[in-house]
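Engineer: okay, sequence plus prediction incoming.
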Amino acid sequence: MFSEIEKKIIVEKNPFDHAIIKNILPDNLIKKAEIEFEAFNNAVSSGGERYQKTKQHYEDIYQMPQTIQEIIKLFFSKEFISILEKKFLIKNLKPDWSLKGGGMHSSKNGGYLKIHSDFIYKRRSKMRRVINLIIYLNSNWNDKWNGSLELWDNEMKNCKKKISPILNNAVIFRTDVDSNHGFPEIINCPENVSRKSIALYYYINEKNILPFNLKRRKFFHAIWKKRPGNKNDPTFSDQDSWFKKLKNKFFYRFF
């Protein structure tokens, strides 16, 4: 299986390092995962409706449906991580078994995820997030419903790629302050349908010449980006107090 997956991962550079993969897993495995996801009722609201309306998530791998656990373990295996390291030219990748911010994601009719770059550091962690992997579980998804993942350039002038969330599509991409992505257009799917995905994150140990780690506070949060001509799009900390904006911009945390 790993040799077939490796052949399908072709890294492109524009707008940032990414690979779009069709049919990443065997049909029977991904379809079983979709059925188990649809029957799962423990997901919780992700909140923050200004940024990600209707989104729900679940992070505890040990309480997830069995097939989804198997998929996560496959993509967190040493064999797959070795493929990622080779394809993205990164050494010593570590999977995030806590699934902080990742795991099972779903959004319903009326939902969206505004364009953003992801948080880079978890609090109380010496690791830097460098790779995202998203696997979609949506049979018969109609792209007229919106929900395609958009990849934007670092100046936020142009959407460079759109990836349909159809069943067994996957996208892998580098994460930093310019890896701008999301599905900002309101989903208009039937009420009995949801946009489902598995999101997995990978980290590296960041080298530091100081006896402690110093991190900009803003990098503990998603940084929201405004699209041209969209006055209602949020930007990072645009609703925060003046003091909190100052703190996020100039202050640091020690580890």
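Structural biologist: Everything's here; your move.
Engineer: tell me, how many residues neighbour the closest residue to residue 143 other than its chain neighbours?
Structural biologist: Computed as C-beta to C-beta, 6 or more residues apart in numbering, the closest residue to residue 143 that is not its neighbour in sequence is residue 164, at 5.4 Å. All C-beta atoms are positioned from the backbone trio N, CA, C, and that covers glycine. Neighbour count for residue 164, taken as other C-beta atoms under 10 Å: 16.
Engineer: isn't residue 164 right up against residue 145?
Structural biologist: No - using C-beta atoms under 8 Å, residue 164 makes no contact with residue 145, being 10.3 Å away.
Engineer: so what sits against both of the two?
Structural biologist: Here residue 164 and residue 145 have no joint contacts, going by C-beta atoms under 8 Å, 6 or more residues apart in numbering.
Engineer: quick one on the thing from earlier: ok, now which ones touch the residue nearest to residue 143?
Structural biologist: Contacts for residue 164 (C-beta under 8 Å, 6+ apart) come out as 136, 141, 143, 148.
Engineer: now do it against residue 171, distance only.
Structural biologist: Residue 164 sits 10 Å away from residue 171, going by C-beta to C-beta, to the nearest Å.
Engineer: could you do residue 62 as well?
Structural biologist: 26 Å.
Engineer: who has more neighbours, these two?
Structural biologist: Per other C-beta under 10 Å, whichever of residue 62 and residue 171 has more neighbours is residue 171, with 21 against 6.
Engineer: give the bridge partners for the more buried one, please.
Structural biologist: residue 20, residue 134 (DSSP bridges).
Engineer: who touches it in this structure?
Structural biologist: Counting by C-beta under 8 Å, 6+ apart, residue 171 has contacts 18-21, 132-134, 149, 163.
Engineer: separation between it and residue 179?
Structural biologist: Applying C-beta to C-beta to residue 171 and residue 179 gives a distance of 11 Å.
Engineer: got it, and residue 81?
Structural biologist: Here the criterion is C-beta to C-beta. By it, residue 81 lies 19 Å from residue 179.
Engineer: the more surrounded of those two?
Structural biologist: A count of neighbours by other C-beta under 10 Å puts residue 179 above the other of residue 81 and residue 179, at 22 against 18.
Engineer: per-residue confidence at the more buried one?
Structural biologist: pLDDT recorded at residue 179 is 96.
Engineer: please apply the same query to residue 145.
Structural biologist: pLDDT, residue 145: 98.
Engineer: renumber starting at 10 from here on
Structural biologist: All right, first residue 10 from here; so that's residue 154.
Engineer: and the gap between the residue lying closest to it once chain neighbours are set aside and residue 144?
Structural biologist: Spatially, and ignoring its direct neighbours in sequence, residue 154 is nearest to residue 198 (4.2 Å; C-beta to C-beta, 6+ apart). Applying C-beta to C-beta, the value for residue 198 to residue 144 is 19 Å.
Engineer: tell me which of those two has more neighbours.
Structural biologist: Higher neighbour count among residue 198 and residue 144: residue 144, with 25 against 20, using other C-beta under 10 Å.
Engineer: wait, the more buried one touches residue 207, no?
Structural biologist: Yes - judged on C-beta under 8 Å, residue 144 makes contact with residue 207 at a distance of 4.6 Å.
Engineer: find the residues that touch each one of those two.
Structural biologist: Residues touching both residue 144 and residue 207 by C-beta under 8 Å, 6+ apart: residue 80.
Engineer: residue 12: which element?
Structural biologist: Assigned by DSSP states H and E, residue 12 falls within helix 11-17.
Engineer: who does that helix touch, helix- and strand-wise?
Structural biologist: Counting contacts by 3 or more C-beta pairs under 8 Å, 6 or more residues apart in numbering; DSSP states H and E, helix 11-17 packs against helix 87-97.
Engineer: now for the next helix or strand after the helix it packs on, which elements pack on it?
Structural biologist: Downstream of helix 87-97, the first helix or strand assigned by DSSP H and E is strand 103-104. Applying 3+ C-beta pairs under 8 Å, 6+ apart, we find strand 103-104 packed against strand 204-214.
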